[in-house]
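**Q** Pasting the sequence and the predicted model now:
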Amino acid sequence: MARILLIEDSPTDTAVLTQLLERNGHDVLASGSAEDGIDVCRREQPDLVLMDVILPGMNGFQATRALSRGDDTKAIPVLIVSTKGMETDKAWGLRQGAKDYIVKPPREDELIARINALLGS
């Protein structure tokens, strides 16, 4: 079981992803904005972050860059989960420090497999 921080502004997507993660034995923290998510990540030190891209204020790419470069958060893997499915979006997300990128809506088995790979389990 891992503690996963979900940074997602859609209440529907938050509910669906939280249920999916909890069904697979994970503990979920949720944040509705990038700025709040960065604060929660620094404070709570989750095992992994699931990051949306399209967020109010700071976007997910900017937040991923901040987390991947922060001394206290750079060891926490970020998996971007976004509707932005172009190869350029994926490449940009990975350049910002994300460890993986999956397009919404993710298939449950694929998302869990990628989370397990990033967690080394």
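**A** Done, it's in. The shown structure was predicted, so the numbers you read here are calculated from the model rather than taken from an experiment.

**Q** Any idea how many residues pack against I80?
**A** 28 (other Cβ atoms under 10 Å). In this view, the C-beta of every residue, glycine as well, is placed from N, C-alpha and C.

**Q** For it, give me the pLDDT.
**A** Looking at I80, its pLDDT is 98.

**Q** I'd guess it is in a helix, am I close?
**A** No - counting by DSSP: H, G, I helix; E, B strand; the rest coil, I80 is not found in a helix; it is strand.

**Q** separation between it and A66?
**A** Separation of I80 from A66 (Cβ to Cβ, to the nearest Å): 14 Å.

**Q** Likewise for E44?
**A** Following Cβ to Cβ, the distance that separates E44 from A66 is 16 Å.

**Q** more neighbours, these two?
**A** A66 (19 against 12).

**Q** any idea which helix or strand carries the more buried one?
**A** According to DSSP states H and E, A66 maps onto helix 60-69.
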